[in-house]
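In: give me coordinates for this.
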Amino acid sequence: MAAMKNQLHPATLAAQAAGYVDPATGGLTPPVQPSTTYARRPDYDLTAPGFIYGRDDSNIVRIAEAALAKLEGAEAALLFPSGMAAIAALFRTVPGGSAVVIQSGIYWGTTKWAREFCARRDIRLVEVDAADAGQLRDAVAGVKPCLVWIETPSNPWLKIVNVAEAAKSAHQAGALLAVDSTAATPILSHPLMLGADIVMHSATKAINGHSDVLAGVLLTDKTTHPVWQAIAADRHDAGAVLGPFEAWLLLRGMRTLALRVQRMSENAMATARFLDDHPAVEAVWYPGLAGHPGHELAKAQMAGGFGGLMSFLVQGGAKEALAVCGRLRVIHRATSLGGVESLIEHRFTVEPQGNGIPPNLLRLSVGIEHVDDLVADLDQALA
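Out: Numbering: from 1, shown residues only. Just a heads-up that it's a prediction; the model follows:
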């Protein structure tokens, strides 16, 4: 990915924590201040201006947010204690009685929460296959929503949405476009540059990359917009904040983000090609494959690779797919994605049936292990 807005490349920004140097000591690693409250002088002025209470005034959280904003090419970032907390903060800005359009077939946690929240608030919720730009345009024009939510690449279907076209459709209807870019990471894609208004990452995933921190982030280049102001106020008032130790771990994990994403993308590409040629595999959904319906669009929107997430269909049904999972020795059977370790999930078991998930689908998050070991593990499991 080229440098953005005359800045350094994302790999450099990540490795150097966006250029952080501790002003007190010159340390290149930021310190952790765990205090939840801050002292005042005898005249009751703040000892350190801008530091009153830990809910909003954590220096390490601010440092991590600044680094993420530079990585994404955003003006500002707000960290939350999980990706779902970040999503909830955005959706809570939608007024009752209005409308929201969201992409169908995305992360189940988002869909479930949005359905229940919109039902409670009397918000009309329209779900549409946003990978079809025409369907999305018609749906947005038909209901005039406040918010359009897309996810690209989507989880677990690996669909690719044209962000620029989605932004055009949303803005023509007076809506904001929010993009869940978790699977792409700020290394491979920058939706704000394509016209999105808000980007969300589950920082639990590749941004942290070590399966030891829960975090979410919202980013924007429209900090004066009333919706962004409302999100910031909601985070403060509701207390949906990230702790200082989690922020420090997140920042540490972020330093190797570019290297990890490069390795994950290379491993995933080789793994997808292996699976695509295997007689025990019915289909592979990975945007890096030339046969993927969103391949050309993914090439245009994702510079430097296609990420580490894919899904594939085992020949047979749920029984055969679960048997493949059970035989794996290197790849872990667990729910998540974007970590240094490769994980596999039988989505039909995890997600409620009736959502259209094929019973023979296995979702694979490819890590940074040696690709020969991953391919050999899949080969023996599929044999």
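In: find the nearest non-adjacent residue to the residue most central in space within the chain, please.
Out: Nearest to the mean C-alpha position of the chain, by CA atoms, centre = their mean, lies Thr182 at 1.7 Å. Nearest non-adjacent residue to Thr182, counting by CB to CB, 6 or more residues apart in numbering: Ser202, 4.6 Å away. All C-beta atoms are positioned from the backbone trio N, CA, C, and that covers glycine.
In: what's in contact with the helix or strand where Ile187 lies?
Out: When elements are assigned from DSSP states H and E, Ile187 belongs to helix 185-188. Outside of helix 185-188, the residues within contact range by CB atoms under 8 Å, 6 or more residues apart in numbering are 1, 10-11, 14, 68, 71-72, 201, 206-207, 257-258, 261-262, 265, 302-307, 338.
In: and if you look at stretch 125-134?
Out: 99-105, 111, 114-115, 118-119, 135-136, 139, 142-143, 145, 150, 154, 159-162, 165-166, 169, 293-294.
In: could you dump that stretch to PDB, C-alpha only?
Out: Extracted as PDB, the C-alpha positions of stretch 125-134 are listed here (Å, rounded to 0.1, in the frame of the first residue of the first chain):
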ATOM      1  CA  LEU A 125     -33.900  -2.700   9.200                       C
ATOM      2  CA  VAL A 126     -33.400  -3.700   5.600                       C
ATOM      3  CA  GLU A 127     -30.800  -6.400   4.900                       C
ATOM      4  CA  VAL A 128     -29.500  -6.600   1.300                       C
ATOM      5  CA  ASP A 129     -26.700  -8.300  -0.600                       C
ATOM      6  CA  ALA A 130     -24.500  -5.300  -0.800                       C
ATOM      7  CA  ALA A 131     -22.000  -7.100  -3.100                       C
ATOM      8  CA  ASP A 132     -24.600  -6.400  -5.700                       C
ATOM      9  CA  ALA A 133     -24.300  -2.600  -6.200                       C
ATOM     10  CA  GLY A 134     -27.600  -2.400  -7.900                       C
END
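In: what average pLDDT does it get?
Out: In this model, stretch 125-134 has an average pLDDT of 98.
In: how distant is it from the center of its chain?
Out: 19 Å (CA atoms, centre = their mean, to the nearest Å).
In: check stretch 251-261 too.
Out: 14 Å.
In: try stretch 236-246
Out: Distance of stretch 236-246 from the chain centroid (CA atoms, centre = their mean) equals 19 Å.
In: how long is it from one end to the other?
Out: The straight-line separation of the ends of stretch 236-246 (CA to CA, to the nearest Å) is 18 Å.
In: list the buried residues of the helix or strand where Asp138 lies.
Out: Here Asp138, judged by DSSP H and E, is contained in helix 133-143. Residues 133, 136-137, 139-140, 143 are the ones in helix 133-143 that count as buried (16 or more other CB atoms under 10 Å).
In: what's whatever helix or strand Ala376 lives in packed up against?
Out: If you go by DSSP H and E, Ala376 is part of helix 371-382. Other helices and strands packing on helix 371-382, by 3 or more CB pairs under 8 Å, 6 or more residues apart in numbering; DSSP states H and E, are helix 257-276, helix 318-327.
In: contacts for the first one, please.
Out: Looking back up the chat, that one is helix 257-276. 10-11, 14-15, 71, 185-188, 206-207, 209, 281, 284, 286, 288-289, 291, 304-310, 312, 338, 340, 342, 364, 366-369, 371, 374-375, 378-379.
In: for stretch 261-268, list the C-alpha coordinates in CSV.
Out: Output of stretch 261-268 as CSV, limited to C-alpha atoms (Å, rounded to 0.1, in the frame of the first residue of the first chain):
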residue,chain,number,x,y,z
VAL,A,261,-0.8,-9.4,7.3
GLN,A,262,1.8,-9.9,4.5
ARG,A,263,2.6,-13.4,5.8
MET,A,264,-1.0,-14.3,6.4
SER,A,265,-2.0,-13.2,2.9
GLU,A,266,0.8,-15.2,1.3
ASN,A,267,-0.1,-18.3,3.3
ALA,A,268,-3.8,-17.9,2.6
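In: so for that stretch, what's the average pLDDT?
Out: In the prediction, stretch 261-268 has an average pLDDT of 98.
In: stretch 206-219 now?
Out: Stretch 206-219 comes out at a mean pLDDT of 98.
In: centre of the chain to that stretch, how far?
Out: Distance of stretch 206-219 from the chain centroid (CA atoms, centre = their mean) equals 8 Å.
In: how about Ala203, what does it touch?
Out: When contacts are counted by CB under 8 Å, 6+ apart, Ala203 touches 68, 79, 83, 213, 215-217, 250.
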